[in-house]
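Asks: Dropping a prediction and its sequence here:
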Amino acid sequence: MAELCLDKMNIGNTKKWFALYTKPRWEKKVDTVLLRKGIESWCPLQKIEKQWSDRKKIIEEPLFKSYVFVRIDETERLTVLMTDGVLNFVHYLKQPAIIKDAEVDMIKRFLSEKEAKISTCSIEGFAENTKVRIRQGVFMDNEGLVIRGGKKKVYVKLEGLGQVMVVEFPVQYLNPIF
């Protein structure tokens, strides 16, 4: 009986990844403020080449617009919500969506690759197509769905976010699954 009570007490102290909605274009600011507060925060950034009228420049943009990830326990939720720029936790089935450590690690590893190129879009509205398994690279042994119009892209679902990553792969990296 005492062990059961201890388990219930420890459940609230286990840190898990959550996604936050932020004000538009506040992702980097929110990340910085949360880190200053001692909250483990991560705003995935990717380098993008932008064209101005007189020059091109490489800048870092958030991978997920209006999203920041935090790794917290139950006691830190209010501190996170009281941060300027944070609108709310991303919810799934009326609960704050828990993001798997493996999904966060996979995105971090992929973004660390020199030629990493990811775009994102909402999961809604996509019809299921050919299921494939990735044979090479950081996403090796993961499964995804090929975009209907192209054979170079694979959807990798981030189920807790209701988002899909669209990652470009050479066709030879993929094997169809029957």
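Replies: In hand now; what should we look at?
Asks: immediately after the helix or strand of the chain with the lowest mean pLDDT, which helix or strand?
Replies: Lowest on mean pLDDT, DSSP states H and E among the helices and strands of the chain sits helix 2-11, with a mean of 43. Sequence-wise, the next helix or strand downstream of helix 2-11 (DSSP states H and E) is strand 16-22.
Asks: how about that following strand: buried residues?
Replies: Within strand 16-22, the residues scored as buried using 16 or more other CB atoms under 10 Å are 17, 18, 19, 20, 21, 22. To be clear about C-beta, it is placed using only N, CA and C from the backbone, and glycine gets the same treatment.
Asks: hang on, isn't residue 17 packed against residue 101?
Replies: Yes: with contact defined as CB atoms under 8 Å, residue 17 counts as touching residue 101 (6.5 Å).
Asks: Determine the number of other residues adjacent to the closest residue to residue 85 other than its chain neighbours.
Replies: Nearest non-adjacent residue to residue 85, counting by CB to CB, 6 or more residues apart in numbering: residue 26, 3.9 Å away. Neighbourhood size, residue 26 [other CB atoms under 10 Å]: 20.
Asks: how about low-confidence regions in this structure?
Replies: Applying pLDDT under 70 to the chain picks out residues 1-13, 114-136, 138-140, 142-178.
Asks: Now do the domain split for it, please.
Replies: Domain assignment of the chain by automatic domain parsing yields the ranges 13-99, 101-178.
Asks: So residue 72 sits against residue 37, correct?
Replies: No: contact criterion CB under 8 Å: residue 72 and residue 37 do not qualify, at 10.7 Å.
Asks: of the two, who's got more company?
Replies: residue 72 (19 against 13).
Asks: Could you pull out the buried residues of whichever helix in the chain runs longest?
Replies: Counting residues, the longest helix found in the chain (DSSP state H) is helix 101-112. For helix 101-112, the buried set under the neighbour-count rule, 16+ other CB under 10 Å, comprises 103, 104, 106, 107, 110.
Asks: swap in stretch 58-72?
Replies: Neighbour-count burial for stretch 58-72 [16+ other CB under 10 Å]: 62, 63, 64, 66, 67, 68, 69, 70, 71, 72.
Asks: mind listing what the residue nearest to residue 84 when sequence neighbours are not counted touches?
Replies: Residue nearest to residue 84 in three dimensions, not counting chain neighbours: residue 33, with 6.6 Å by CB to CB, 6+ apart. Applying CB atoms under 8 Å, 6 or more residues apart in numbering to residue 33 gives the contacts 83, 84, 85.
Asks: Spell out the secondary structure type for residue 33.
Replies: helix (DSSP: H, G, I helix; E, B strand; the rest coil).
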